[in-house]
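Colleague: Got a sequence here, can you build the structure:
(chains A, B, C, D and E)
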Amino acid sequence: MTITRSVETILSRYEGETPGVKANLARMLMQGRLGGTGRMIILPVDQGFEHGPARSFAVNPAAYDPHYHYRLAIDAGLSAYAAPLGPLEAGADTFAGQIPLILKVNSSNSLMPSASPKTQAITASVDDALRLGCAAIGFTIYPGSSMSLSMFEDIAEMRREAAAKGVATVIWSYPRGEDLDSKAETALDVTAYAAHIAALLGAHIIKVKLPSDHLGQAEAKKVYDKVGIPAASMADRVRHVVQACFNGRRIVVFSGGAAKGEDSVLEDARAIREGGGNGSIIGRNVFQRPREEAMALLDRLVDIYRN
Amino acid sequence: MTITRSVETILSRYEGETPGVKANLARMLMQGRLGGTGRMIILPVDQGFEHGPARSFAVNPAAYDPHYHYRLAIDAGLSAYAAPLGPLEAGADTFAGQIPLILKVNSSNSLMPSASPKTQAITASVDDALRLGCAAIGFTIYPGSSMSLSMFEDIAEMRREAAAKGVATVIWSYPRGEDLDSKAETALDVTAYAAHIAALLGAHIIKVKLPSDHLGQAEAKKVYDKVGIPAASMADRVRHVVQACFNGRRIVVFSGGAAKGEDSVLEDARAIREGGGNGSIIGRNVFQRPREEAMALLDRLVDIYRN
Amino acid sequence: MTITRSVETILSRYEGETPGVKANLARMLMQGRLGGTGRMIILPVDQGFEHGPARSFAVNPAAYDPHYHYRLAIDAGLSAYAAPLGPLEAGADTFAGQIPLILKVNSSNSLMPSASPKTQAITASVDDALRLGCAAIGFTIYPGSSMSLSMFEDIAEMRREAAAKGVATVIWSYPRGEDLDSKAETALDVTAYAAHIAALLGAHIIKVKLPSDHLGQAEAKKVYDKVGIPAASMADRVRHVVQACFNGRRIVVFSGGAAKGEDSVLEDARAIREGGGNGSIIGRNVFQRPREEAMALLDRLVDIYRN
Amino acid sequence: MTITRSVETILSRYEGETPGVKANLARMLMQGRLGGTGRMIILPVDQGFEHGPARSFAVNPAAYDPHYHYRLAIDAGLSAYAAPLGPLEAGADTFAGQIPLILKVNSSNSLMPSASPKTQAITASVDDALRLGCAAIGFTIYPGSSMSLSMFEDIAEMRREAAAKGVATVIWSYPRGEDLDSKAETALDVTAYAAHIAALLGAHIIKVKLPSDHLGQAEAKKVYDKVGIPAASMADRVRHVVQACFNGRRIVVFSGGAAKGEDSVLEDARAIREGGGNGSIIGRNVFQRPREEAMALLDRLVDIYRN
Amino acid sequence: MTITRSVETILSRYEGETPGVKANLARMLMQGRLGGTGRMIILPVDQGFEHGPARSFAVNPAAYDPHYHYRLAIDAGLSAYAAPLGPLEAGADTFAGQIPLILKVNSSNSLMPSASPKTQAITASVDDALRLGCAAIGFTIYPGSSMSLSMFEDIAEMRREAAAKGVATVIWSYPRGEDLDSKAETALDVTAYAAHIAALLGAHIIKVKLPSDHLGQAEAKKVYDKVGIPAASMADRVRHVVQACFNGRRIVVFSGGAAKGEDSVLEDARAIREGGGNGSIIGRNVFQRPREEAMALLDRLVDIYRN
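Modeller: Numbering: from 1, shown residues only, chains lettered A, B, ... in the order given. I've put the predicted structure just below:
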């Protein structure tokens, strides 16, 4: 595998990182139809944990089978496939070596009492990732939650272990907490802050939601108003998030949320590309469509990023 | 021991699992009168912990003696016998090698203050299981409890250790929590979700209660209504739970609850068989009957599954 | 030391246990004037921790000195002497090898705020027991307390370590908790349940209080009423507790509580003997009497058990 | 160094203790002007932590310098000097070997919210004590606090490690808790109980405050009234505390509290000597006086104990 | 590198400390334009964590890039550069060996619910510091917080590990807590107490805010009033804080807080120098100015300290 210039540049920004981590970042960046472009599309399937099996898969029952997602990610030429322990194991042998894997090591669920503090359970380990041949671990933090400091401590420790063992770390950074209303959770300032925290914690790849043009924190609003940070277009907002990730020194990918129209998904991708984001992490919009439709949508996404 | 084709197929779905775990799954699947069929009947005796000795055994005083249950499970040709540390130890030497054992490693009890959060105490370890020659550990989770994340973390760690040491993991998944009323605890959507969580956590064998046709979560109900998941018959509901367990890639057994009429027990078994479940885990309906009656009932159960 | 037939039988019920543990059980069962009978009298002195020094020893000031208790247990030909770390250490050298020791590894005290949840502090370790040449560790659990699950987990771990190192485990099982009133704490059903939990946790020797004929739990009462468990005489109640300890497969000793008349102490012992209990664990009724009186009382107790 | 007969007797009561611990007890008992008498005066300087620097040292600014206290303890011929990590380190090299050191390993402070449960932070380790050449660690427990069980567990563990490494353990036992008013904190019964708990936990040297003639616990009061424990004079009360420390088998030293008149300090010492206590631990009454006055006061104290 | 006399004197006060720690203190004290003077200027950049990226860097967007700060600290000839894991890693290779680094190992953020107890997350380890070639770790404590004891325990442990591995420890000591209003947080008595606690915990370098002339604690006020501690000028107050740091045996640097006028910054530095403080730790006043202005300001600061 010859590394392209774009990928070389990206890798060079991970200064002092272990060759093992760099090799795994390279595996993801050189994989599939976006291989070598510096862009990525990742298929994440942890909604079964988060929302339950029927809400996730009943609309497309083939998706109950973990092999379905492996096969889809491989056939569509995606960069990586992310899932919790159980489903990764269920295809680990059949698809060994065919696509870089991201082991989602913590998970939430919708059965929890609504009054519980926002956090997730750690359900897999770095050694599980090694055993299953994964390129990275994935970990969700909830900046803003009363449990967030403990989540930061957990991922700081797991990241250290992972990096020492040559495994990369992807941080899902989702603001959620007692003082954040739902508008604030996707506000531009809060999203940029959440992405920055992931970078500070040493994430190799940062995943956030696409931000709205709302500003969630009064103290931040003052600065945004004064300095005049562009936020009108989605591309501008993506650019600001990229800036918050060490001025582009870290890979940032964006998720699109619940299933929605194809046009909307493609529009998001164009904004991500324009704003300098590294790509999409797209789950329900893929596996909740029939396979043919999903493949066609992914084709168009790839085209946008290859453009 | 020659493994049958059915068992081979089941084992092949545990991709990348250690040979030790597969060997222990094979031991249980090839044991007794259902050996080789891919079906199982497991005798669990942890009600002494959960409800106290008299409520469990006074109706059939011979059952106070741990040897009684070993002998019954062996004589009836069952697939495995599950119990906490104390009673397993009490017959470990006498019955060594005669039946696969499942060490129940956590337990609840009925003396706890009713206001306590729902959880269990971890009362045995993987090394205890090895020392006693067990094929598997058994662990209860309470999805929905405010303590559930911590239970998930505990079993994730124990499962990892167990698998590395060649011991299989059985997860008892019982929804129970502050936002779940008693109808919701056995609702179809909640049961399928609970089974799915056990699969996500890496359970090799999943144990849930037979679900009712109730739907417990509003968000899930929308999907069930829209997609039209069949739930009218118990066999349909079993089929849905099997689907939630990676589309049948994991063994699922069902428990029947408190002692009840023989007809009802047999009817349950027929529905499990028809719906594609792997069998029954049946305790009070066995040991709270006189031995002769219990043996006769188990005979009929075996016949149903061998059918 | 030749083991008697009775002791051999008892030891044989500890199936699969380490030879070290069996040897230490044998040391206690072969010690003193009840040596070889399968009965035991144990002197426990942890009341200084629980109630303070003056309430424990002022009535018999010689008892302030830890040597007093060593000497008494040896001279009276008892089976073992149990105490916390400090007092055991204070005579460890002088009396080395003269009597089997039980290191009480957790302790409560009467200075705690009354609103505190019921639990004890772990104040010694298995390695302390080894260092001091002890035959066993002693651990109190409070079934019914909101802290009980954590106590179960602690003793499960210590028991495992102790057994692996050849040290036996004695569990003091005292129901105490938010939903148990003081009558329930010594109720027959609750006492049998508490003894059963100790057995489930793997205790080699179980210590409970002598039960009253009260029934503390509504669900249990139904079963007792229906099945008709004999509870009128103390011997009947002892018999039921023995049944709850794996039908007599575990050693059970009974404590008598606060200092009281000699007749009452002897009557208790007769009931224990008749009901099939293994003996008495008797503290305040011994060391709060002048030494001469205490020796005389112990003489009579020994006679009852040798009978 | 030849050990005197008095010191030999004291050491012989630490049965089975490691030679390292005995050697360190001997170092303290043979040090300075009371060397060999079996009596001790210890200089403790942890008030900077507890009350802040100005409240501790501003009245005698030379005392801001940690060297001041080392020098004072050495020049006055005291038995040992006790302080937290920082100040011990600040003179560790200059004064190496000149006086036995006690590393205070936990500390409280006066900035804590007043509503916090009473406990201390563990701020140094046994290995710190070894590294700094200390003879002992010092640890405060608050019997009566809702945090006390956890403090007992911490010191039980540290004591075990310290003793195994040849370091002695001094326990500061200060009753303090939700159910104890300020009169109860120095009550005779409560002080004797606190001293007894330290002994039970395995303390080699016990430090308590001089008790008042108040009785703090109703249950204890009954016994004191009935048995008639002498409490009228301070010497009587000291004698009772000594009794509570295994009838004199453990070293007990007494602190005097806030700075006060010289007569009062000397009177306390006479009562300690008369009651059989082993000496004084005296801080603010020393370092909050000008050095000359402090040296003179210590001279007189030494004379009392040599008497 | 020849160590100057001033630096030698400072190092000699770290008695018994490991040569590795002394070497790292020397590296910082001999670095840059203040090298050898015993004074330091440290650039800390952890405001991205504490206040978010835009509030920290939007006013000077070049500062979004971690290289910016490395370059600035090097070009301005400062003593050290302090930052969390992510930004240190982002330049670790490019600037290896060019300036001593301080890895900030714990961090707070402004997304936390305002009702949360005041504490920080531990986001990096001593081994991270070693791996990145750092001279020291930096740790914030909040004396006065209900979480402060736990913070003290954490830094006590990390300091021990760091020192054993030759890494120095800088403690940021910021009073903050339920019983401290905002005036008390910078009060002279409280600041001196906070600095003293850092020294007691074994900090090699102590960082506090410049204190006001307010007194925050009633008990302390009595002593200040009685003894007459000079507090009218900032230099006096600095002198008192130095006194509280073992009478000058520990390095103390002062921070200036939010961005403000240049005159005010320089005036602070003069007071620090006059009062015997060791220098400034200055962040927002540097990186929130354009680079040219910042360089000019730092020039003047250096001149003051070289004076």
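Colleague: Tell me how far the most centrally placed residue in chain A lies from chain C.
Modeller: Nearest to the geometric centre of chain A sits residue A:207, at 3.7 Å (C-alpha atoms, centre = their mean). According to C-beta to the nearest C-beta, to the nearest Å, residue A:207 and chain C sit 37 Å apart. For glycine as for every other residue, the C-beta is placed from the backbone atoms N, C-alpha and C.
Colleague: show me where the stretch 1-150 of chain A has strands.
Modeller: Using DSSP state E, counting those that start in this stretch, the strands of the stretch 1-150 of chain A run over A:40-44, A:80-83, A:101-104, A:106-107, A:121-122, A:136-141.
Colleague: Can you add distance to chain C and mean pLDDT and give those back as CSV?
Modeller: Compiled in CSV, these are given as follows (distance: least, C-beta to the nearest C-beta, whole Å; pLDDT from 0 to 100):
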stretch, distance to chain C, mean pLDDT
strand A:40-44, 35, 98
strand A:80-83, 32, 98
strand A:101-104, 29, 98
strand A:106-107, 23, 98
strand A:121-122, 18, 98
strand A:136-141, 27, 98
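Colleague: Would you map the helices across the stretch 101-250 of chain A?
Modeller: A:126-131, A:148-164, A:182-185, A:188-200, A:218-227, A:234-244 (DSSP state H, counting those that start in this stretch).
Colleague: Reformat these as a markdown table; add mean pLDDT.
Modeller: Listed next are those as a markdown table, based on pLDDT from 0 to 100:
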| stretch | mean pLDDT |
| --- | --- |
| helix A:126-131 | 98 |
| helix A:148-164 | 98 |
| helix A:182-185 | 96 |
| helix A:188-200 | 98 |
| helix A:218-227 | 96 |
| helix A:234-244 | 98 |
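Colleague: still on that earlier bit, so for residue D:241, which of the strands of the stretch 1-150 of chain A sits nearest?
Modeller: For residue D:241, the closest of the strands of the stretch 1-150 of chain A is strand A:121-122, at 49.9 Å, according to C-beta to C-beta.
Colleague: separation between residue A:77 and residue E:298?
Modeller: To residue E:298, residue A:77 is 52 Å away according to C-beta to C-beta, to the nearest Å.
Colleague: Show me where chain A dips below the pLDDT cut-off.
Modeller: Within chain A, the segments meeting pLDDT under 70 span A:257.
Colleague: coming back round to it: and residue A:77 and residue E:298? Which one has more around it.
Modeller: More crowded of residue A:77 and residue E:298, by other C-beta atoms under 10 Å in any protein chain shown: residue E:298, with 25 against 17.
Colleague: Identify the residue spatially nearest to residue A:20, adjacent ones excluded.
Modeller: Leaving aside its sequence neighbours, residue A:20 sits nearest to residue A:166 (C-beta to C-beta, 6 or more residues apart in numbering or on different chains; 1.9 Å).
Colleague: Sorry, slip of the keys, the one I care about is residue A:271.
Modeller: Nearest non-adjacent residue to residue A:271, counting by C-beta to C-beta, 6+ apart: residue A:234, 3.7 Å away.
Colleague: From residue A:256, how far out is the one you found?
Modeller: Look at residue A:234 and residue A:256: by C-beta to C-beta, they are 11 Å apart.
Colleague: so, in contact with chain B or not, stretch A:117-129?
Modeller: Yes. Using C-beta under 8 Å from any C-beta of the partner chain, stretch A:117-129 reaches chain B at A:119, A:120, A:121, A:122, A:123, A:124, A:125, A:127, A:128.
Colleague: so what's the backbone phi/psi at the residue nearest to residue A:20?
Modeller: Dihedral pair for residue A:166: phi 80, psi 20, per degrees, to the nearest 10.
Colleague: just to revisit the earlier point, which one of the helices of the stretch 101-250 of chain A is the most hemmed in?
Modeller: The highest average neighbour count among the helices of the stretch 101-250 of chain A, using mean count of other C-beta atoms under 10 Å in any protein chain shown, belongs to helix A:188-200 at a mean of 28.
Colleague: and the angle for that helix with strand A:136-141?
Modeller: 140 degrees (axes from the mean of the first three to the mean of the last three C-alpha atoms, to 10 degrees).
Colleague: Show me what from the stretch 1-150 of chain A comes close to chain E.
Modeller: A:13, A:14, A:15, A:16, A:17, A:143, A:144, A:145, A:146, A:148, A:149, A:150.
Colleague: Relative to residue A:269, which of the residues you listed is nearest.
Modeller: Top of the list for closeness to residue A:269, among the residues of the stretch 1-150 of chain A next to chain E and by C-beta to C-beta, is residue A:13 at 23.1 Å.
Colleague: my guess is the closest one meets residue E:90, correct?
Modeller: Yes. Between residue A:13 and residue E:90 a contact is recorded at 7.2 Å, counting by C-beta atoms under 8 Å.
Colleague: Tally up the residues packed near the closest residue to residue A:238 other than its chain neighbours, please.
Modeller: Excluding its sequence neighbours, the residue lying closest to residue A:238 (C-beta to C-beta, 6+ apart) is residue A:275, at 2.6 Å. Residue A:275 has 21 neighbours, counted by other C-beta under 10 Å.
Colleague: what do you get for residue A:292?
Modeller: The local packing of residue A:292 (other C-beta under 10 Å) involves 8 other residues.
Colleague: now do residue A:267
Modeller: Neighbours of residue A:267 using other C-beta under 10 Å come to 14.
Colleague: Distance-wise, check the closest residue to it other than its chain neighbours relative to residue E:244.
Modeller: Distances taken as C-beta to C-beta, 6+ apart place residue A:234 nearest to residue A:267, at 7.9 Å, with adjacent residues excluded. Applying C-beta to C-beta, the value for residue A:234 to residue E:244 is 54 Å.
Colleague: I'd guessed residue A:7 sits against residue A:23; true?
Modeller: No. Assessed by C-beta under 8 Å, residue A:7 is found out of contact with residue A:23, at 11.6 Å.
Colleague: The two: who's more crowded?
Modeller: Neighbour count, other C-beta under 10 Å: between residue A:7 and residue A:23, residue A:7 has more, with 20 against 15.
Colleague: List the contacts of the more buried one.
Modeller: A:26, A:29, A:30, A:36, A:38 (C-beta atoms under 8 Å, 6 or more residues apart in numbering or on different chains).
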